[in-house]
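*Asks:* 3D model of this:
(chains A and B)
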Protein chains: 2
Amino acid sequence: MAGIVPSRRVRGTPFTAGVQAAGAKAYTVYNHMLLASYFESYEADYRHLKEHVQVWDVAVERQVSVKGPDALRLMKMMSPRDMDRMADDQCYYVPICDHNGGMLNDPVAIKLAQDHYWLSLADGDLLQYALGLAIASNMDVEIVEPDVSPLAVQGPKADELMSRVFGDDVRDIRFFRYKRMAFMDTEFVVARSGWSKQGGFEIYVDGTQYGMPLWDALMAAGQDLNVRAGCPNLIERIEGGLLSFGSDMTRENTPVEAGLAKFCNSPEDYIGKSVIEAQKENGPPRQIRPIEISGSGDLPHNATGWSVYADGKNVGLIASATWSPDFNTNVAIGMIDAGYWDAGQELIVNTGAGERSARVKDRFWI
Amino acid sequence: MAGIVPSRRVRGTPFTAGVQAAGAKAYTVYNHMLLASYFESYEADYRHLKEHVQVWDVAVERQVSVKGPDALRLMKMMSPRDMDRMADDQCYYVPICDHNGGMLNDPVAIKLAQDHYWLSLADGDLLQYALGLAIASNMDVEIVEPDVSPLAVQGPKADELMSRVFGDDVRDIRFFRYKRMAFMDTEFVVARSGWSKQGGFEIYVDGTQYGMPLWDALMAAGQDLNVRAGCPNLIERIEGGLLSFGSDMTRENTPVEAGLAKFCNSPEDYIGKSVIEAQKENGPPRQIRPIEISGSGDLPHNATGWSVYADGKNVGLIASATWSPDFNTNVAIGMIDAGYWDAGQELIVNTGAGERSARVKDRFWI
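*Replies:* The predicted structure is shown next:
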């Protein structure tokens, strides 16, 4: 594993000093920024996440700020989800597509005002898509990447830690809703959300200067809770079926293929609607499935995606796979062709270091 | 320097096996792909590049393929450069902007046919901008990322090495022009271009399966030329004033500020034209300049951009700086405010590890 050279183009975050001091051992790059991959080890981080509470630098979830008289019009053009049903304090998971229904990103949209939304991105410059649509449509809307960097607090003790820093009102925030909570001389959008199944919050830190003070405040307040620096965990997110755009699905896939049909309910004529509606009606040609891979926990690292076979032909791809200590099996996320995705289907996976038998599961593990 | 974890989302290239075997010691991530930063060392790579010939995996220069009846119309909408003057075998450096003239990328456009262009990207998903413009404009054009991965051959012996693999016709390719050259059972676009000032070619390898065969053919043919694996070199590219989009200039800057006014000559009503034309007329508020930084070659690594001061105020930013063995000084690229960019202007640079005096140069070093 060779090192990575940061630059202004591949930059740190407002929390990088904290992440480095906590001893991140490997990184990936996500939206032109560094994102830790693990600290102690994937497994030790996972065990701690499930028992205690972690602070995650997820500043890489860059925001696209869409603001102005035409903001809602642009959101309706892009969103397969019915924007008119979005509550004022709501966060919406919205797969965003091209005209063929091909996914371009799967951000979380936050409604800050009737004329102001943030799109909290997966990896990919969706800002450029929004900008292209708005410019060519002559929309009166400002599209920028603000100085907003999410910090996630995840794990079973997240409510306790957050209440110590932000007050007990954080406990009342409902799932995928937010409140504005005071910190120092400002306030942040704080949502009950995050890329784990252990519960917790994402704090939209508005202003780089608040990054390390908030990091330090959380670490200080959580000492007796055994708080640690963490990051999205490969094992836990596969167990939970949390999809990584760019790995588990790409522009080659529709939201229906990604198992996100329930988020495609907009009555508007949004981009990609005809393909998505047809797939909802007739079924997609392939779909995301949980896959259990046989054998012991010595799978190689999946750096490229592994081909999946049945009946002697290629019927899918697995881009995420790892050993799960809690479920004592290899857990994986696959994009599997129609006819081969039923629970119990036997598959062969080419891991690049030998073949393994595998089986489609009926549901993810957590 | 911590390690990087590859995934399907941050992927290798058709040449990664060659790059790894050659011993790349550090990487960056560029357009969701790995790009080597150096092999032996920045300085050893630089010395070798200036004397011999190197093969560079620049597959990260992903292509946006724009094809169809409206391809030229879309290109004219995006390009500040006069597309009607583009020869059939020409490559055009085209800064692409938003409606405020803010740069979104600075690709090299290649004209494959009247209705087919490739945009060879700097870091950033410009595909999404093109797609947004095309969809909102109802254009009849297909926009995809093809399986095309540039491989660069750079250095004073590049013509000799290339002629051994592709035949002597490669010697006749003019600067920023291309020919289609045969390889195995196919042919590639081969252009005289590349991100160094040492001369050479970029081969647009169309089809992953040809990657390692071409890599191996070049390495075998160049043994007596002392061919080596290389990559864009920090020292050489700063000496030559080759700009890195995302570092030296961003969406905060226009092409005029980036010193690229000469590429903005389109008579069409392209996006950003009014701002660009006004800046050409009245001068930009800041501009890219070569900067010489005093002192010895122990500058820290510039991971964030360094603020530049004069008359006690912040007058610019330096995002690229390093020691130049050949010019025996610290060479740098800065974005400097009007009033402070004249050759000879004295500046103070805050490197994060102390201040250094600096001076604006009249031109880059090579």
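*Asks:* check contacts around the residue in the stretch 51-200 of chain A that chain B sits nearest to.
*Replies:* Of all residues in the stretch 51-200 of chain A, residue A:132 sits closest to chain B, at 2.2 Å by Cβ to the nearest Cβ. (Glycine included, C-beta is placed from N, CA and C.) Contact analysis of residue A:132 by Cβ atoms under 8 Å, 6 or more residues apart in numbering or on different chains lists B:128-136.
*Asks:* so where does it fall, helix or strand?
*Replies:* When elements are assigned from DSSP states H and E, residue A:132 belongs to helix A:126-136.
*Asks:* could you point out which element follows that helix?
*Replies:* Of the helices and strands lying after helix A:126-136 in sequence (DSSP H and E), the nearest is strand A:142-144.
*Asks:* ok, back up a step: how far away is the residue of the stretch 51-200 of chain A closest to chain B from residue A:248?
*Replies:* Distance of residue A:132 to residue A:248, given as Cβ to Cβ, to the nearest Å: 26 Å.
*Asks:* now residue A:144
*Replies:* Distance from residue A:144 to residue A:248, by Cβ to Cβ: 29 Å.
*Asks:* make a markdown table out of the contacts of residue A:132 and add pLDDT.
*Replies:* Putting the contacts of residue A:132 into a markdown table (pLDDT from 0 to 100) gives the following:
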| residue | pLDDT |
| --- | --- |
| B:128 | 98 |
| B:129 | 98 |
| B:130 | 98 |
| B:131 | 98 |
| B:132 | 98 |
| B:133 | 98 |
| B:134 | 98 |
| B:135 | 98 |
| B:136 | 98 |
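*Asks:* these, buried ones only, as a ChimeraX selection?
*Replies:* In ChimeraX, this line selects whichever of the contacts of residue A:132 come out buried by 16 or more other Cβ atoms under 10 Å in any protein chain shown:
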select /B:128,129,130,131,132,133,134,135,136
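*Asks:* lowest mean pLDDT among the helices and strands, pick that one out for chain A.
*Replies:* Among the helices and strands of chain A, strand A:3-4 carries the lowest confidence by mean pLDDT, DSSP states H and E, at a mean of 80.
*Asks:* what segments of the stretch 1-150 of chain A are strands?
*Replies:* With DSSP state E, counting those that start in this stretch as the criterion, the stretch 1-150 of chain A has strands at A:3-4, A:26-30, A:33-38, A:54-57, A:63-67, A:91-93, A:96-97, A:103-105, A:108-113, A:116-120, A:142-144, A:148-154.
*Asks:* got the contact list for the first one?
*Replies:* This points to strand A:3-4. With contacts defined as Cβ under 8 Å, 6+ apart, strand A:3-4 is touched by A:10, A:27, A:29, A:34, B:1-4, B:25-29.
*Asks:* cutoff 6 Å now
*Replies:* A:27, B:1, B:3-4, B:26-27 (Cβ atoms under 6 Å, 6 or more residues apart in numbering or on different chains).
*Asks:* burial count for the residue nearest to residue A:235 when sequence neighbours are not counted?
*Replies:* In space, residue A:235 comes closest to residue A:46 once its chain neighbours are excluded; the distance is 4.6 Å by Cβ to Cβ, 6 or more residues apart in numbering or on different chains. Neighbourhood size, residue A:46 [other Cβ atoms under 10 Å in any protein chain shown]: 25.
*Asks:* so what's residue A:46 up against?
*Replies:* A:233, A:235-236.
*Asks:* same check, this time on residue A:20
*Replies:* Taking Cβ under 6 Å, 6+ apart, one finds nothing in contact with residue A:20.
*Asks:* quick one: it from residue A:229, how far?
*Replies:* Using Cβ to Cβ, which is the criterion applied here, residue A:20 is 10 Å from residue A:229.
*Asks:* try residue A:17
*Replies:* For residue A:17, the distance to residue A:229 - Cβ to Cβ - is 11 Å.
*Asks:* so for the two, which sits in the more crowded spot?
*Replies:* residue A:229 (22 against 14).
*Asks:* and for residue A:120, the neighbour number?
*Replies:* By other Cβ under 10 Å, the residues close to residue A:120 number 22.
*Asks:* can you pull the residues of chain A lying near chain B?
*Replies:* By Cβ under 6 Å from any Cβ of the partner chain, the part of chain A that sits against chain B consists of A:1-10, A:26-29, A:37, A:98-99, A:123-125, A:128-129, A:131-133, A:135-137, A:246-247, A:303, A:305, A:319.
*Asks:* which of these count as buried?
*Replies:* A:2-10, A:26-29, A:37, A:98, A:123-125, A:128-129, A:131-133, A:135-137, A:246-247, A:303, A:305, A:319.
*Asks:* coming back round to it: and of the contacts of residue A:132, the nearest to chain A?
*Replies:* residue B:132 (2.2 Å).
*Asks:* now that closest one. Nearest residue, chain neighbours left out?
*Replies:* Residue nearest to residue B:132 in three dimensions, not counting chain neighbours: residue A:132, with 2.2 Å by Cβ to Cβ, 6+ apart.
*Asks:* check residue A:177 too.
*Replies:* residue A:89 (4.9 Å).
*Asks:* again, but for residue A:211
*Replies:* Among residues not flanking residue A:211 along the chain, residue A:14 sits closest, at 2.6 Å (Cβ to Cβ, 6+ apart).
*Asks:* how about residue A:47?
*Replies:* With sequence-adjacent residues excluded and distances taken as Cβ to Cβ, 6+ apart, residue A:47 is closest to residue A:325, at 7.5 Å.
*Asks:* report the separation between that neighbour and residue A:39.
*Replies:* Distance from residue A:325 to residue A:39, counting by Cβ to Cβ: 17 Å.
*Asks:* and the two? Which one has more around it.
*Replies:* Between residue A:325 and residue A:39, residue A:39 has the larger neighbour count (other Cβ under 10 Å), namely 21 against 14.
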